[in-house]
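Novice: Take a look and give me a structure for this.
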Amino acid sequence: MRIARALAVGAALLITAAGQQPSQQDQLPLGPSGRIQARFAPPARIQRFVAQPDSIQPGQSVLLIWATENPAGVTIEPDLGRVTTRGSRQITPQQTTTYTLTVHGPKDTLVTRTVTVTVAGTQPRTADAAEAAPREVPHMADGKPDLSGVYNFAPRVKDEPPALKPGAERYKVIRGPTDPGIYADCMPTGVPLAYFVPYQWQIVQGRDKVVILYEYLHMFRIVPIGGIHPVDPDPTWMGDSVGRWDGDTLVIDSVGFNDKTELPGGYRHTEALHLVERLRRVDYGHLQWDATIEDPNVFARPWTLSRSFPLRTDLDKVDEFVCENNRNYKDLFAK
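Specialist: Residues are numbered from 1 along each chain as shown. From the prediction side, this is the model:
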């Protein structure tokens, strides 16, 4: 469970809202002077890496179990790829295979350990055979691509700024040196800003609806496929969304937003905001997202955003997140 008080959340998000993960130093406590206390980054190490059992008959499964400390990233090859800091995975190797656990540590250090699973009557898997063919995009029973999975937040890029209508300059957010930032009050971000917070998000796809879960603040959207918007929707933080398929692309149309959220790049909007998203799984490990934003009260014309979201193969679900806003950031800027 992530319990994030306003101080911790804001400090990290003010630094990383554009798409960079907080560094280890960013997460250190503040010292008496208000400066972040520096300390030596502890080395990464492997506590455990075993296969239970390590010898099987063809068709049987084994359980890989691993535990690491202080990693910047963890992978198991072949087949598994990126994995969590500690965990387990049931596998059914077809032939004798040596698995390598690699831990990336501070200052580009690497720590590795191997374990071999012997499959009776088979030859050891060679390095060439270990280079698995690219995994294909999964499909649902109805033939539509399955977009389900946990994805990373949007990377930091320089977007083309939208064109404001004459007289709409007041909708551009200008923050002063004591402004605590949009994330300080632990209120919903709305969309599309929910994709830009440095936390994972998840798609759960069904036949007649798609559910999108954002780890940050436990925000969610339920998108009926083939649905229609209410004639006069009540304004909400996340809006009212309906979906349809355009070939292999899921199109999500959203209206009914309140005017309390911001758009990427620092723009306010009105309740006339209209968002159209196009989501397409270009390969097994990436989801292409293109969004068109309209608000006739603010922008001279529609503007677009595009991102490629990497699949988090190490995660099965988003984590719990609790945001407690119990401190005003302005105290931190007192002279």
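Novice: so how far is Thr126 from Val119?
Specialist: Val119 is 14 Å from Thr126, where distance means Cβ to Cβ, to the nearest Å. The way it works is simple: take the backbone N, C-alpha and C, and place the C-beta from them, glycine included.
Novice: hang on, Asp295 packs against His269?
Specialist: Yes: using Cβ atoms under 8 Å as the test, Asp295 is close enough to His269 to be in contact (4.7 Å).
Novice: Show me which of Val119 and Thr126 is the more surrounded one.
Specialist: Val119 (21 against 9; other Cβ atoms under 10 Å).
Novice: do you know how far the more buried one is from Thr100?
Specialist: Distance from Val119 to Thr100, by Cβ to Cβ: 17 Å.
Novice: With Val191 instead?
Specialist: 40 Å.
Novice: What of Glu69?
Specialist: Distance from Glu69 to Thr100, by Cβ to Cβ: 18 Å.
Novice: Which helix or strand contains Ser306?
Specialist: Using DSSP states H and E, Ser306 falls within strand 303-310.
Novice: Tell me the helices and strands packed up against that strand.
Specialist: strand 286-294 (3 or more Cβ pairs under 8 Å, 6 or more residues apart in numbering; DSSP states H and E).
Novice: Tell me the buried residues in the strand it packs on?
Specialist: Leu287, Trp289, Ala291, Ile293, Glu294 (16 or more other Cβ atoms under 10 Å).
Novice: next one: stretch 77-90
Specialist: Pro78, Leu80, Val83, Arg89.
Novice: Just confirm the last one is within a strand.
Specialist: Same thing as Arg89. Yes: counting by DSSP: H, G, I helix; E, B strand; the rest coil, Arg89 is located in a strand.
Novice: before we move on, the earlier item: compare Val191 and Thr100 (neighbour count), which wins?
Specialist: Val191 (26 against 14).
Novice: ok, that one touching Leu275?
Specialist: Yes: if you go by Cβ under 8 Å, Val191 and Leu275 touch, sitting 6.3 Å apart.
Novice: Convert the C-alpha atoms of the strand holding Ser306 to CSV, please.
Specialist: What follows is strand 303-310 as a C-alpha-only set of coordinates in CSV (Å, rounded to 0.1, in the frame of the first residue of the first chain):
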residue,chain,number,x,y,z
TRP,A,303,-5.3,20.1,-30.4
THR,A,304,-3.8,16.7,-30.1
LEU,A,305,-1.5,14.7,-27.8
SER,A,306,0.2,11.4,-28.6
ARG,A,307,2.0,8.9,-26.4
SER,A,308,3.3,5.4,-26.4
PHE,A,309,2.6,3.6,-23.1
PRO,A,310,4.9,0.6,-22.3
